[in-house]
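*Asks:* the amino acid sequence is not available; the structure is as follows:
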């Protein structure tokens, strides 16, 4: 009898995961859609896929001015009420959900670990539960490559052991586990995306690229911390690939996404310097900028993802940096709501 039940569940999993999903012209909720990557997603959904989009955001890290004028904005704190989320999803007949909401700035997790875990992990669970109860077709829950912690100096896939170095990383690892558990427990139609670093317009935190650009507006002499290696993907590419993953990915599973390429931070500074007109950049190591428990190498292996989707990164790191620098020239980082 037990074997019959297991076989039945496996068949159901296969059937539900192979159901054709198409997001074109559908009703979509983008949580965190006023933020950096989320705003790129909303633009793609509205302008290219003709979706009816509602953006849910509490504007703590996002900016309302980033929200596409064709999308409907609703101020919402996802940790406040699961019932409120369910009402919104039901009222607007939401078919698909993207959850890009997070406390994304890792240093915050050193000082306010409970705050970060609450927003990232509990918030994700509330979205998954509310979306499932509202009968949505699929949910893409964004996780992070920070779950891996120490990694070898080569590409890593989803099977690599997770050893997060921060509460932020631990909160994202909890999300991955919740995605898998809620699929098994409640048939929650949710997929986890382990996103590696992104670059592009509308970055709003003191991430490495804004920090470098900001300093280079004054001179070619800058201060940096660790010379770690990161895999950067243009945000516009990332959201296009994320949409296809939502349409084709298997529920309850986790997928890496990055450019599969990367760069060390000091070399990144030289690339940005050249874009900004400098022959070379002089770098001073600033001990106050050295992150404790640094992760020295993160580079995605997209093999699993590429067995599922056909889209690939199109914008090179150099072009993505040019677009980011141009955005800085036009807007700076001191955005106001």
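*Replies:* That came through fine. Given the structure is predicted, the values throughout are model-derived calculations rather than measurements.
*Asks:* neighbours of residue 244, how many?
*Replies:* 15 (other CB atoms under 10 Å). To be clear about C-beta, it is placed using only N, CA and C from the backbone, and glycine gets the same treatment.
*Asks:* setting the sequence-adjacent residues aside, check what's closest to residue 100.
*Replies:* Using CB to CB, 6 or more residues apart in numbering and skipping the chain neighbours, the partner closest in space to residue 100 is residue 32 (3.6 Å).
*Asks:* that neighbour and residue 39 touch, don't they?
*Replies:* No: Residue 32 lies out of contact with residue 39 (CB atoms under 8 Å); the separation is 9.0 Å.
*Asks:* and the helices in this structure?
*Replies:* 2-18, 36-47, 82-91, 106-111, 113-117, 123-133, 167-186, 208-216, 235-248, 265-275, 303-306, 317-331 (DSSP state H).
*Asks:* nearest to residue 197, of these?
*Replies:* Residue 197 lies closest, by CB to CB, to one member of the helices of the chain: helix 208-216, at 8.5 Å.
*Asks:* who's in contact with the residue lying closest to residue 168 once chain neighbours are set aside?
*Replies:* In this structure, residue 168 finds its nearest non-sequential neighbour in residue 109, 3.9 Å apart by CB to CB, 6+ apart. Counting by CB atoms under 8 Å, 6 or more residues apart in numbering, residue 109 makes contact with 103, 116, 117, 166, 167, 168, 171.
*Asks:* ditto for residue 153
*Replies:* With contacts taken as CB under 8 Å, 6+ apart, residue 153 has the following neighbours: 229, 297.
*Asks:* any idea what residue 257 is bridged to?
*Replies:* Applying DSSP bridges to residue 257 yields these beta-bridge partners: residue 195.
*Asks:* how many residues are close by it?
*Replies:* Neighbours around residue 257, by other CB under 10 Å: 26.
*Asks:* then residue 221?
*Replies:* Around residue 221 there are 12 residues (other CB under 10 Å).
*Asks:* what's the end-to-end length of stretch 184-191?
*Replies:* Stretch 184-191 has an end-to-end distance of 12 Å (CA to CA, to the nearest Å).
*Asks:* what does it contact?
*Replies:* Stretch 184-191 has contacts (CB under 8 Å, 6+ apart) with 12, 16, 128-129, 131-132, 136-141, 179, 182-183, 245-246, 249-255.
*Asks:* how far does that stretch sit from the chain's center?
*Replies:* Stretch 184-191 sits 20 Å away from the centroid of its parent chain (CA atoms, centre = their mean, to the nearest Å).
*Asks:* can you check stretch 201-218 too?
*Replies:* 19 Å.
*Asks:* buried residues in that stretch?
*Replies:* Residues of stretch 201-218 classed as buried: 201-204, 207-213, 215-216 (neighbour count, 16 or more other CB atoms under 10 Å).
*Asks:* over to stretch 128-142?
*Replies:* For stretch 128-142, burial by neighbour count (16+ other CB under 10 Å) applies to 128-134, 136-142.
*Asks:* what about residue 99, how many residues close to it?
*Replies:* 26.
*Asks:* so in terms of bridging, what pairs with it?
*Replies:* Per DSSP bridges, the residues bridged to residue 99 are residue 31, residue 141.
*Asks:* in this structure it contacts residue 141, no?
*Replies:* Yes: applying CB under 8 Å as the test, residue 99 and residue 141 come out as touching, 5.0 Å apart.
*Asks:* quick check: neighbours shared by the two?
*Replies:* 124, 127.
*Asks:* looking at the helices of the chain, which is closest to residue 229?
*Replies:* So among these, helix 265-275 is nearest, using CB to CB, at 7.9 Å.
*Asks:* pull the distance from the closest one to the chain's centre.
*Replies:* Worked out by CA atoms, centre = their mean, helix 265-275 lies 24 Å from the chain centre.
*Asks:* so how many other residues sit close to the closest residue to residue 223 other than its chain neighbours?
*Replies:* Distance criterion CB to CB, 6+ apart; nearest residue to residue 223, sequence neighbours excluded, is residue 286 at 3.8 Å. For residue 286, the neighbour count with other CB under 10 Å is 11.
*Asks:* tell me the contacts of residue 286?
*Replies:* Contact analysis of residue 286 by CB under 8 Å, 6+ apart lists 223, 224, 225.
*Asks:* need the per-residue pLDDT for the first one.
*Replies:* Note for residue 223: predicted pLDDT of 95.
*Asks:* which strand residues bridge it?
*Replies:* residue 284.
*Asks:* ok, now how distant is it from residue 129?
*Replies:* Residue 223 sits 45 Å away from residue 129, going by CB to CB, to the nearest Å.
*Asks:* before we move on, what about the last one?
*Replies:* When distance is defined by CB to CB, residue 225 is 39 Å away from residue 129.
*Asks:* okay, residue 2: pLDDT?
*Replies:* On pLDDT, residue 2 comes in at 44.
*Asks:* begin at 290, not 1, for the rest of this chat.
*Replies:* Renumbered: residue one is now 290, and that last one reads residue 291.
*Asks:* count of neighbours near residue 608?
*Replies:* 12.
*Asks:* now do the contacts for it.
*Replies:* Applying CB under 8 Å, 6+ apart to residue 608 gives the contacts residue 523.
*Asks:* nothing else from me, thank you.
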